[in-house]
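S.K.: coords please:
(2 chains)
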There are 2 protein chains.
Amino acid sequence: MNPRALAPLRRIVGSEHVLAPVPAPYLQDATAARGIRGEAAAAVRPADAEQVAAVVRHCYAEGIAIVPRGGGSGLAGGAVPAGGELVLSLERLQRVRALEPERWRMHVEAGVRTATVQRLARENGCWYPPDPGAGEQSHIGGNIATNAGGPHAFKYGVTRAWVTGVEAVLAPGELVRLGGPVRKDASGYDLRGLLIGSEGTLGVVTAAWLRLIPAPPAAAALAACYADPAQGARALVDALGSGVVPAVLEFLDAGALAAAGPAFPLPLPGETRFLVLAEVDGGPEQVERERAELAEALDAPALRVHAFVTESERRALWRWRDGVSLAVSAQRGGKLSEDIVVPVEHLGEAIAATVEIGERHGLPACSWGHGGDGNVHATFMLDPSCAAERERAEHAAGEVFARALALGGAVSGEHGLGLVKRGWLRRQWPEAAVAAHEAVKRALDPKGLFNPGKKLP
Amino acid sequence: MNPRALAPLRRIVGSEHVLAPVPAPYLQDATAARGIRGEAAAAVRPADAEQVAAVVRHCYAEGIAIVPRGGGSGLAGGAVPAGGELVLSLERLQRVRALEPERWRMHVEAGVRTATVQRLARENGCWYPPDPGAGEQSHIGGNIATNAGGPHAFKYGVTRAWVTGVEAVLAPGELVRLGGPVRKDASGYDLRGLLIGSEGTLGVVTAAWLRLIPAPPAAAALAACYADPAQGARALVDALGSGVVPAVLEFLDAGALAAAGPAFPLPLPGETRFLVLAEVDGGPEQVERERAELAEALDAPALRVHAFVTESERRALWRWRDGVSLAVSAQRGGKLSEDIVVPVEHLGEAIAATVEIGERHGLPACSWGHGGDGNVHATFMLDPSCAAERERAEHAAGEVFARALALGGAVSGEHGLGLVKRGWLRRQWPEAAVAAHEAVKRALDPKGLFNPGKKLP
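M.R.: Got it, this is the predicted structure:
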């Protein structure tokens, strides 16, 4: 983009919000930890949805590619520009347009942080269940772009289940509303749902109508310790037969425990090589009964089952769980972490395969994640300064993806494909389905200017 | 279609499964009650998904339009052929390909009845929550085509929330799998969700992977009677502030009660002009506590709040509720019933508007429906043999749609647009969103052969 091309953008958003050269933070996301950095011609920070539409209109007319950007916590490089694009940061779209706890809903702009949404809901007696790992950093717009999940997605579903409408700028620069505050709509195609998880490749989400629910009055957590990882994974899966619907059903394998276990809020039995974390929620009596039932279901081959009953105990547990990713990173300074999904009965195989693949590539490996959803954060620990390790880790990740597909699973449950996995769409989906993806992309982005090179092959 | 054109279809599905002339039942759905009947060149009944693909391949090559058909319980004419098309009935695709209650899932072909899915889940300790009104007749494929809801959609969500994958035949005749048994997938666009609710206009669904959950151990229902409809509607909406998450939150207005009230399982106070029905579910203690809390929330302006605590009491209540539509039809022999949605705080206005619009058109009107979702079955009772009444009812329905839109709502929450409401896509959605609908339709059905004339303008 030549410097003169920036003048129209300056007129739209104001000179101080057109950044060229582009500051480094706008060129990367959480994949920086594996050495991924991008290049861009400029970055713009529109103030509101109308300015976003004006920017897109200008870019669409001039053939300028756009990389929408949220909080920059993505793990697939979805917000990393390849070079030459315009980074379109939604960070200034921070208005809470409506907060109506008594109607179980909220209307927020794309740049509102996930943690802010959660806090506003909580302070008003409600709850917004999606809880992706980087909620303090991520924006609701980015959560929508990737259809973010988190531990509570097991019972409550991913972001798509909590967004009744999106406001978005579609090609060639039209601000439209797809859905809204109503809880049901059978009138059109589910364009709302299509944009959710599309990683900025079909349009730019500027705001969302979120569904809330009253916060459950009580909750309790369990941690079940196992000496044998295969037995632990089987216990988790068998617990689905207990009749209880846990709110959360997580696991950590031996490698993840080696990294994070020392900080666990209680002493773990020394032989622990697999941990299942579960939570039940609801009325206090139900929580007590379900905690007992679930503890019994998890207990058979367990070394011990801890209960976390008080609010402060539970908080300590989930704070610890939030730190797992960092603790694993700290082992060797860096990591490559993917988020495959398998049918839940194959959970144990996916966990074992991760370790075995790491061994073959000379990399310590571990996994943890949303076991009830079969969603495994398969992770290779590495020294980020070592190019050879990074390369081995990429190969290892490829094998993990292939194994997930062989087990009938998917290459991503939460992170999306972004830049780093886009070749895998073709590996996972049958040819006719890939063609359908391409047809939808052409239909909504005929010039291919929305986040080019992401998601699609 | 000339008779010779049927030969290739006979080779695919067998002569006995190509019906020409087409028997009347294949030319209508539940809109027959308002006088809508179609015409078709032939009907075919393929035995399995491969035969569906072969039929679509043949039709796509020859330019023959296809009307997919499920159980024929649709209320928008989505399965009614306009003339000249081929009716593609999925009725023989009845296999339950997998039933895995211990993994909370089921894999069924499109022609399996909703009631069969519900029964199989129940018999195995699980539950499939979507409960559209005509479950004994409707097929799961039709439920997917319209994204069917029902009373329990309030807490548990509509069909889209319970389908993790669809198998479908896309143009020009490719059998593909979009999603599957895994509970999360962030790898592609949500083509699964896009097909759900697309009313057969983007492809033909041949099978689905359904998510189940363990059946809640207990439930209890409430019926709150009000003398003043506006007060009743307000009580329903205010109950959202009680902190309880009801599984069901329904209403019936005075006209619906006049028709169905006499069969109510208990005597209703004579002054009752509005009824709220609610259900809570969960563990027995939670059910008891939430029933009391919800009863208190509903009680303030109520004449009486009945509780339905035993299983047989609850069954009697919901059996009665299932019969409301028929009881209303019986008033004058026929009805025109639509299913608008409004933001829940406008529920009372939508209910009052229906009666007022009916009065202006000289038609007795009433409504009932899924109040918590703002989903109102706005209904005009008519003599189906009277063309003038039918015409007045169509005009009245148009006013109801316009009112729903003026209140920030949608013209359909459950039934879809089908044939009878397709002009309303353009009225509800902004121009750019209509263009996006058309672009998606062209992308996935370039020849426009899937259920032409339905849904889109």
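S.K.: which of the residues in the longest helix along chain A are classified as buried?
M.R.: Ranked by residue count under DSSP state H, the longest helix found in chain A is helix A:387-406. Within helix A:387-406, the residues scored as buried using 16 or more other CB atoms under 10 Å in any protein chain shown are A:389-390, A:392-393, A:396-405. All C-beta atoms are positioned from the backbone trio N, CA, C, and that covers glycine.
S.K.: contact partners for residue A:317?
M.R.: A:221, A:223, A:265, A:277, A:308 (CB atoms under 8 Å, 6 or more residues apart in numbering or on different chains).
S.K.: residue numbers of the stretch 351-457 of chain A in contact with chain B?
M.R.: Contact residues, the stretch 351-457 of chain A versus chain B (CB under 8 Å from any CB of the partner chain): A:370, A:372-375, A:408-417, A:421, A:424-425, A:428-430, A:432-433, A:436-437, A:439-444, A:455.
S.K.: quick one: which of those sit in strands?
M.R.: Counting by DSSP state E, these place A:370, A:375 in strands.
S.K.: now the longest helix of chain A: mean pLDDT?
M.R.: If you average the pLDDT over helix A:387-406, you get 97.
S.K.: so in that sheet, which strands flank the helix or strand that contains residue A:164, and in what orientation?
M.R.: Assigned by DSSP states H and E, residue A:164 belongs to strand A:163-170. Strand A:163-170 pairs in its sheet with strand A:174-179 (antiparallel), strand A:204-211 (antiparallel), by DSSP bridges.
S.K.: quick one: mean pLDDT for that strand?
M.R.: Averaging pLDDT along strand A:163-170 yields 98.
S.K.: CA atoms of that strand as CSV?
M.R.: Coordinates of each C-alpha in strand A:163-170 appear next as CSV, following Å, rounded to 0.1, in the frame of the first residue of the first chain:
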residue,chain,number,x,y,z
VAL,A,163,-24.8,-15.5,20.6
THR,A,164,-28.3,-14.9,19.3
GLY,A,165,-27.2,-12.3,16.8
VAL,A,166,-24.2,-10.6,15.3
GLU,A,167,-23.8,-7.2,13.7
ALA,A,168,-21.2,-7.5,11.0
VAL,A,169,-19.8,-5.8,8.0
LEU,A,170,-20.2,-7.9,4.9
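S.K.: show residues contacting it.
M.R.: Strand A:163-170 is contacted from outside by A:49, A:52-53, A:56, A:105, A:144, A:175-183, A:192, A:195-196, A:202-211, A:444, B:432-433, B:436, using CB under 8 Å, 6+ apart.
S.K.: low-confidence ranges in the stretch 201-350 of chain A?
M.R.: Within the stretch 201-350 of chain A, not a single segment meets pLDDT under 70.
S.K.: up against chain B, what does it have?
M.R.: With CB under 8 Å from any CB as the criterion, the stretch 201-350 of chain A meets chain B at residues A:202, A:213-214, A:217, A:237-238, A:240-245, A:282-283, A:285-286, A:289-290, A:339, A:341-345.
S.K.: which ones are touching residue A:274?
M.R.: Residue A:274 touches A:225-229, A:231-233, A:251-254, A:257, counting by CB under 8 Å, 6+ apart.
S.K.: try 7 Å
M.R.: Contacts for residue A:274 (CB atoms under 7 Å, 6 or more residues apart in numbering or on different chains) come out as A:226, A:229, A:232, A:233, A:251, A:253, A:254.
S.K.: same question for residue A:70.
M.R.: Going by CB under 7 Å, 6+ apart, residue A:70 touches A:79, A:90, A:110, A:138, A:139, A:141, A:142, A:145.
S.K.: equivalent analysis for residue A:376, please.
M.R.: A:340, A:342, A:350, A:351, A:354, A:367, A:369.
S.K.: would you turn these into a markdown table with neighbour count and distance to residue B:61?
M.R.: Compiled in a markdown table, these are given as follows (neighbours: other CB atoms under 10 Å in any protein chain shown; distance: CB to CB, whole Å):
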| residue | neighbour count | distance to residue B:61 |
| --- | --- | --- |
| A:340 | 29 | 39 |
| A:342 | 27 | 38 |
| A:350 | 26 | 42 |
| A:351 | 30 | 47 |
| A:354 | 28 | 46 |
| A:367 | 31 | 48 |
| A:369 | 29 | 46 |
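S.K.: for those residues, give me JSON lines that also has distance to residue A:25 and secondary structure.
M.R.: Formatted as JSON lines, the contacts of residue A:376 follow (distance: CB to CB, whole Å; DSSP: H, G, I helix; E, B strand; the rest coil):
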{"residue": "A:340", "distance to residue A:25": "29", "secondary structure": "strand"}
{"residue": "A:342", "distance to residue A:25": "35", "secondary structure": "coil"}
{"residue": "A:350", "distance to residue A:25": "34", "secondary structure": "helix"}
{"residue": "A:351", "distance to residue A:25": "35", "secondary structure": "helix"}
{"residue": "A:354", "distance to residue A:25": "31", "secondary structure": "helix"}
{"residue": "A:367", "distance to residue A:25": "29", "secondary structure": "strand"}
{"residue": "A:369", "distance to residue A:25": "28", "secondary structure": "strand"}
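S.K.: now the residues you listed as JSON lines including distance to residue A:42?
M.R.: Converted to JSON lines, those look like this (distance: CB to CB, whole Å):
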{"residue": "A:340", "distance to residue A:42": "36"}
{"residue": "A:342", "distance to residue A:42": "42"}
{"residue": "A:350", "distance to residue A:42": "42"}
{"residue": "A:351", "distance to residue A:42": "44"}
{"residue": "A:354", "distance to residue A:42": "40"}
{"residue": "A:367", "distance to residue A:42": "39"}
{"residue": "A:369", "distance to residue A:42": "37"}
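S.K.: from the residues you listed, pick the one nearest chain B.
M.R.: Using CB to the nearest CB, residue A:342 is the member of the contacts of residue A:376 that sits closest to chain B, with 6.8 Å.
S.K.: give me phi/psi at the spatially closest residue to the closest one that is not a sequence neighbour?
M.R.: Leaving aside its sequence neighbours, residue A:342 sits nearest to residue A:409 (CB to CB, 6 or more residues apart in numbering or on different chains; 3.7 Å). With angles defined as degrees, to the nearest 10, residue A:409 sits at phi -110, psi -160.
S.K.: okay, the residue lying closest to residue A:164 once chain neighbours are set aside and residue A:148: tell me how far apart.
M.R.: Of all residues not flanking residue A:164 in the chain, residue A:209 sits nearest, at 4.8 Å (CB to CB, 6+ apart). The gap separating residue A:209 from residue A:148 is 17 Å, by CB to CB, to the nearest Å.
S.K.: neighbour-wise, which of the two wins?
M.R.: residue A:148 (29 against 25; other CB atoms under 10 Å in any protein chain shown).
S.K.: quick one: residue A:230 is in a strand?
M.R.: No: if the criterion is DSSP: H, G, I helix; E, B strand; the rest coil, then residue A:230 is helix and not within a strand.
S.K.: just checking, it touches residue A:350?
M.R.: No: in this structure, residue A:230 is not within contact of residue A:350 by CB atoms under 7 Å, at 11.8 Å.
S.K.: for the one helix or strand residue A:358 maps to, what is the distance to the chain centroid?
M.R.: Following DSSP H and E, the helix or strand that holds residue A:358 is helix A:347-360. What separates the centre of helix A:347-360 from the centre of its chain is 22 Å, taken as CA atoms, centre = their mean, to the nearest Å.
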